[in-house]
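**Q** Give me the fold of what follows.
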Amino acid sequence: RVCVKKSTQERFALKILFDRPKARNEVRLHMMCATHPNIVQIIEVFANSVQFPHESSPRARLLIVMEMMEGGELFHRISQHRHFTEKQASQVTKQATLALQHCHLLNIAHRDLKPENLLFKDNSLDAPVKLCDFGFAKIDQGDLMTPQFTPYYVAPQVLEAQRRHQKEKSGIIPTSPTPYTYNKSCDLWSLGVIIYVMLCGYPPFYSKHHSRTIPKDMRRKIMTGSFEFPEEEWSQISEMAKDVVRKLLKVKPEERLTIEGVLDHPWLNSTEALDNVLPSAQLMMDKAVVAGIQQAHAEQLANMRIQDLKVSLKPLHSVNNPILRKRKLLGTKPKDGVYIHDRENGAEDSNVALEKLRDVIAQCILPQAGKGENEDEKLNEVMQEAWKYNRECKLLRDTLQSFSWNGRGFTDKVDRLKLAEIVKQVIEEQTMSHESQ
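**A** The predicted model follows:
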């Protein structure tokens, strides 16, 4: 979001997060690093209760005011410059490396370094590049076990940590007193991937198979460090550039180039012109190419990021397993089809209520396969179910009234996307209410 300082009319960027420990940690680590000229500055942070439209009550939020980065993301910038040169790529690399060096000197691993998190201050030719988004940053105490990453930029030891983490969770191998960990050197691997993409326009490790998790062939390439410099795109790129990529994409972290090694590398300090135009600019002019990579990130982030939480078992009565829930309901639902709310069924009742609301969202946003009337009937059916289990929710009641709901169906045409957005707010409100109880 854009915000404006009234006294000076200066524009700033506003990031809004729910006020939770994870968000406060993001702000804390970002502020620790933000004094560097190549890291996006935080101007002010406010902890306020804010109520947005369609919310029935205010919610605790952090409002983070940051400097405005008018120049946009790295990929976008490259696509705008039809003559993006190797020298410019070298300059971007140097600034990104300086930002990382500052973080690492503070013992902070960024853990999500990718082109989308490298922004240009403005649209001028010599605009500085700045690192942003510390949502997955963490103090490196030698215990970075839980991988946080975007698939194209993930280091091999992060995959190994993920593999060990999942096996230990499943009881396949015993939990060792000294678990497999990874450290700040993973940021350097990601830097190597970014340099590769900047130079040629595509990532060194990719798969022809689309999957919600990293495909086996892509995982194997990362774990073995298998990549090439195809002649068509790399023939005009300097050996110095290829050398820095090779040394950053070493599978073993102890063999990988250090931050200081990158900053001292001839490619970043060359007096040569390096004015060869890179193929990446032409490739990135195709929005589908950029969108394809970004879509792959978006689809896989949720599965790729293991939460920094200890595993705990829920009591059986509150488990949200669909099979167990169905069995419970078969034994408690009376013949008239109306579910009875009581204290003993409180936990499972709340789970079912939320599931019914999610069904409404699914009906609103999924492609409509049948005729209009059939789809309207389906929406009315799932809405009736959701209403039956959520009658006490004021926000839902007010929403249905505004959408001309008569208790059995909608009498007017429904804006499905708007309804889905409000039902999402209802789910968030109900979830918070249940947690507080």
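**Q** hey, let's count contacts and neighbours off CA atoms from now on
**A** Noted.
**Q** what's the helix or strand for the closest residue to residue 5 other than its chain neighbours?
**A** With CA to CA, 6 or more residues apart in numbering as the criterion, residue 5 has its nearest non-adjacent residue at 6.6 Å, and that residue is residue 11. Take DSSP states H and E as the rule and residue 11 turns out to sit in strand 10-18.
**Q** What mean pLDDT does that strand get?
**A** Taken as a whole, strand 10-18 has an average pLDDT of 96.
**Q** Could you point out the helix or strand that follows that strand?
**A** Counting by DSSP H and E, the next helix or strand C-terminal to strand 10-18 is helix 21-33.
**Q** Mind listing what's buried along that next one?
**A** Applying a neighbour-count criterion of 16 or more other CA atoms under 10 Å, one finds 23, 24, 25, 26, 27, 29, 30, 31, 33 buried in helix 21-33.
**Q** Pop out the phi and psi values for residue 39.
**A** phi -130, psi 130 (degrees, to the nearest 10).
**Q** Need the pLDDT of it.
**A** Listed pLDDT for residue 39 reads 98.
**Q** Likewise for the one 3 residues further on?
**A** Listed pLDDT for residue 42 reads 96.
**Q** What is the neighbour count of it?
**A** Neighbourhood size, residue 42 [other CA atoms under 10 Å]: 20.
**Q** Show me the beta-bridge partners of it.
**A** Counting by DSSP bridges, residue 42 forms beta bridges with residue 66.
**Q** before we move on, back to that, wait, the residue nearest to residue 5 sits on residue 3?
**A** Yes - using CA atoms under 8 Å, residue 11 is in contact with residue 3, at 5.8 Å.
**Q** May I ask which two of the buried residues of helix 21-33 are separated the most?
**A** 23 and 33 (15.6 Å; CA to CA).
**Q** follow-up on the earlier one: tell me the one among the buried residues of helix 21-33 nearest to residue 274.
**A** When the buried residues of helix 21-33 are ranked by distance to residue 274 (CA to CA), residue 33 comes first, at 31.6 Å.
**Q** That closest one: what's its closest spatial neighbour, skipping adjacent residues?
**A** residue 103 (5.9 Å).
**Q** Now do the contacts for the one you found.
**A** 33, 109, 110 (CA atoms under 8 Å, 6 or more residues apart in numbering).
**Q** So for the first one, what pLDDT did the model give?
**A** According to the predicted model, the pLDDT of residue 33 comes to 96.
**Q** and it, how far is that from residue 100?
**A** Separation of residue 33 from residue 100 (CA to CA, to the nearest Å): 10 Å.
**Q** what does the second one give?
**A** When CA to CA is applied, the distance between residue 109 and residue 100 equals 8 Å.
**Q** residues shared between the contacts of these two?
**A** residue 187.
**Q** Provide a list of residues in contact with the residue nearest to residue 5.
**A** Each residue near residue 11 by CA under 8 Å, 6+ apart is listed here: 2, 3, 4, 5, 67, 68.
**Q** Output these in CSV; the columns should cover pLDDT, secondary structure and distance to residue 252.
**A** Output for the contacts of residue 11, formatted as CSV (pLDDT from 0 to 100; DSSP: H, G, I helix; E, B strand; the rest coil; distance: CA to CA, whole Å):
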residue, pLDDT, secondary structure, distance to residue 252
2, 94, strand, 43
3, 94, strand, 45
4, 95, strand, 47
5, 93, strand, 48
67, 97, strand, 37
68, 97, coil, 38
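**Q** Going through those, which ones are buried?
**A** Buried members of the contacts of residue 11, scored by 16+ other CA under 10 Å, are 67, 68.
**Q** Can you tell me which of the contacts of residue 11 is nearest residue 119?
**A** Checking these against residue 119 with CA to CA, the nearest one is residue 68 at 9.9 Å.
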